[in-house]
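Q: sequence first, then the predicted structure:
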Amino acid sequence: TGLLSPLNLGLFKDPQLPIESAAGLNASPQELSLVGNDGAAANLLITGVTEGFFDVLGLPLVLGPGFTHEDHAPSGQNAQVVGVLSHRIWTTLFGRDPAVVGKILRMVEIPTGIRVAGVAPPELDLPHGTDVWLSARINPRDFGHGLDAVLRARPGTPIHALRGPGDVLVREQAKTRPNR
């Protein structure tokens, strides 16, 4: 829906809620161009994610350490962009080479390239077709919208108990952004 802001995402961390953890992802993934060693370009679907994205999903990476807290800290324009490859891209473009972790991928649109921090498990495809998840460097106090959320319920929480917190937040956002 793209109705959430980083500030809204922080509201899900209230210990009174039945939500154990929450993370955000860009509501609108972007297509960027990877430049191969031979100079040929390959289009990749890129999705920015907030800190804790892989933890919320409970899916450990197949390879690599993943993102650090520093990878998500807001910083200047020339900060190193960090990414986790989809298993599909790791297999098709990199031949399952474990040495890809730590390498810099040359991208047309990103002058510093993307440093590979890991490889996602094969069952992860959120949002569908994502090739690389980037560490989103956003200010947690930002009011700008454009995030979707993934949530992990506290153990033993019935489904009906999850409808309340999310519904209230989405209704409030809908009032401020009726055209979304």
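A: It's in. Every value quoted in this text rests on a predicted model; they were computed, and no experiment measured them.
Q: and the residue nearest to G129 when sequence neighbours are not counted, what does it touch?
A: Using C-beta to C-beta, 6 or more residues apart in numbering and skipping the chain neighbours, the partner closest in space to G129 is L45 (5.1 Å). In short, each C-beta sits where N, CA and C put it, glycine included. By C-beta atoms under 8 Å, 6 or more residues apart in numbering, the contact list for L45 reads 29-31, 129-132.
Q: are any of the residues you listed buried, and which?
A: 29, 130-132 (16 or more other C-beta atoms under 10 Å).
Q: other SSEs contacting the helix or strand that contains L34?
A: Assigned by DSSP states H and E, L34 belongs to strand 30-35. Here strand 30-35 touches strand 41-49, going by 3 or more C-beta pairs under 8 Å, 6 or more residues apart in numbering; DSSP states H and E.
Q: only alpha carbons, please: show the strand it packs on as PDB.
A: As requested, C-alpha coordinates have been extracted for strand 41-49 and formatted as PDB (Å, rounded to 0.1, in the frame of the first residue of the first chain):
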ATOM      1  CA  ALA A  41      24.000  -4.700 -18.600                       C
ATOM      2  CA  ALA A  42      21.400  -6.800 -16.800                       C
ATOM      3  CA  ASN A  43      18.300  -5.200 -15.300                       C
ATOM      4  CA  LEU A  44      17.700  -6.100 -11.700                       C
ATOM      5  CA  LEU A  45      14.600  -5.400  -9.500                       C
ATOM      6  CA  ILE A  46      15.800  -3.700  -6.400                       C
ATOM      7  CA  THR A  47      13.800  -3.300  -3.100                       C
ATOM      8  CA  GLY A  48      15.000  -1.200  -0.200                       C
ATOM      9  CA  VAL A  49      14.300  -2.800   3.200                       C
END
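Q: got the buried residues for that strand?
A: For strand 41-49, by 16+ other C-beta under 10 Å, it's 44-49.
Q: again, but for stretch 125-139
A: Buried positions in stretch 125-139, judged by neighbour count with 16+ other C-beta under 10 Å: 126, 130-138.
Q: now, the residues you listed that are in helices?
A: Using DSSP state H, no member of the buried residues of stretch 125-139 falls in helices.
Q: looking at pLDDT only, which of the residues you listed scores worst?
A: Among these, I138 carries the weakest pLDDT, at 70.
Q: how near is that residue to P74?
A: 7 Å (C-beta to C-beta, to the nearest Å).
Q: go on, P122?
A: Using C-beta to C-beta, we find P122 at a distance of 32 Å from P74.
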